[in-house]
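Here is my input, please return the structure:
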Amino acid sequence: MEKFKRTLRGYDPEEVNEFLDKIIKQVEGMVTDLKDRDQKIEELERLAAENLRLKDKVEQYERMEGTLNKTLLTAQKTSEQIKLVAHQESNMIVNEAKQNASRIINEALLRAEKTELEANMLTRNVNIFKRRLRDIIETQLEMVDDIEKIEL
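So this is what the prediction gives:
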């Protein structure tokens with residue numbers, strides 16, 4: 001605490017004025033410090049709010065990344081399943097085609113055998129027919145010869 005000299009009418013006005021100037025400067029310095037601190041606090045609060053907003057965005061992006069990773073895994077599994085099913089179906093189609101080809105070949109071979117048997121039978125029948133026709137013609141010629149013998 002400051003002590004002032006006493007004068008005729010009370011305290012020395014110069015000392016009091018100096019003291020008051022000193023106090024005013026200290027108060028002004030404190031007010032300036034408080035304003036600076038208030039600005040810093042406002043800036044820090046703004047940065048804190050910005051950090052929270054950015055943190056929320058990062059969390060949102062992390063959730064999106066997780067969702068995308070799950071989606072990619074699901075797509076990959078689905079793709080593998082589709083490939084497996086397609087491979088199985090292609091094997092089934094190939095096996096079915098082989099079976100159909102074997103059946104068609106067997107049927108064709110049976111028809112060919114049947115046709116060959118029919119051709120052989122027709123050839124035999126034609127030969128038999130020729131022989132009989134020849135026998136009939138020879139018999140007819142013998143009859144013609146016999147008729148000529150009788151007429152002469």
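
pLDDT averaged over the helix or strand A101 falls within - what is it?
Taking DSSP states H and E as the criterion, A101 maps to helix 13-151. On average, the pLDDT along helix 13-151 is 93.

from the chain's centre, how far out does that helix sit?
In terms of C-alpha atoms, centre = their mean, to the nearest Å, the centre of helix 13-151 is found 7 Å from the chain centre.

Phi and psi next, for Y11.
phi -90, psi 160 (degrees, to the nearest 10).

What's the local residue count around it?
13 (other C-beta atoms under 10 Å). (Glycine included, C-beta is placed from N, CA and C.)

Okay, it and N17: tell me how far apart.
Shown here: Y11 relative to N17, a distance of 10 Å by C-beta to C-beta, to the nearest Å.

same thing with E28?
16 Å.

Also E45?
According to C-beta to C-beta, E45 and N17 sit 41 Å apart.

Next, find the distance separating E89 from D56.
48 Å.

Sorry, slip of the keys, the one I care about is A86.
44 Å.

which residue is nearest the middle of this protein?
Centroid-nearest residue in the chain, with C-alpha atoms, centre = their mean: A75, separated by 4.8 Å.

For it, which residues are in contact?
By C-beta atoms under 8 Å, 6 or more residues apart in numbering, the contact set of A75 is empty.

what number of residues lie near E15?
Neighbour tally, E15, other C-beta under 10 Å: 14.

now it: how far from D21?
11 Å.

now R63
From R63 to D21 the distance is 62 Å (C-beta to C-beta).

and what of L133?
The value you get for L133 to D21, if C-beta to C-beta is used, is 160 Å.

E107 too?
In terms of C-beta to C-beta, E107 sits 125 Å off from D21.

and if you look at I137?
For I137, the distance to D21 - C-beta to C-beta - is 166 Å.

do the same with N91
Counting by C-beta to C-beta - N91 and D21 are separated by 103 Å.

try A108
In terms of C-beta to C-beta, A108 sits 126 Å off from D21.

Repeat that for R37.
When R37 is compared with D21 (using C-beta to C-beta), they lie 24 Å apart.

again, but for D135
From D135 across to D21, the span is 165 Å (C-beta to C-beta).

now A101
Distance of A101 to D21, given as C-beta to C-beta: 116 Å.

buried set for stretch 12-30?
Within stretch 12-30, no residue qualifies as buried by neighbour count (16 or more other C-beta atoms under 10 Å).
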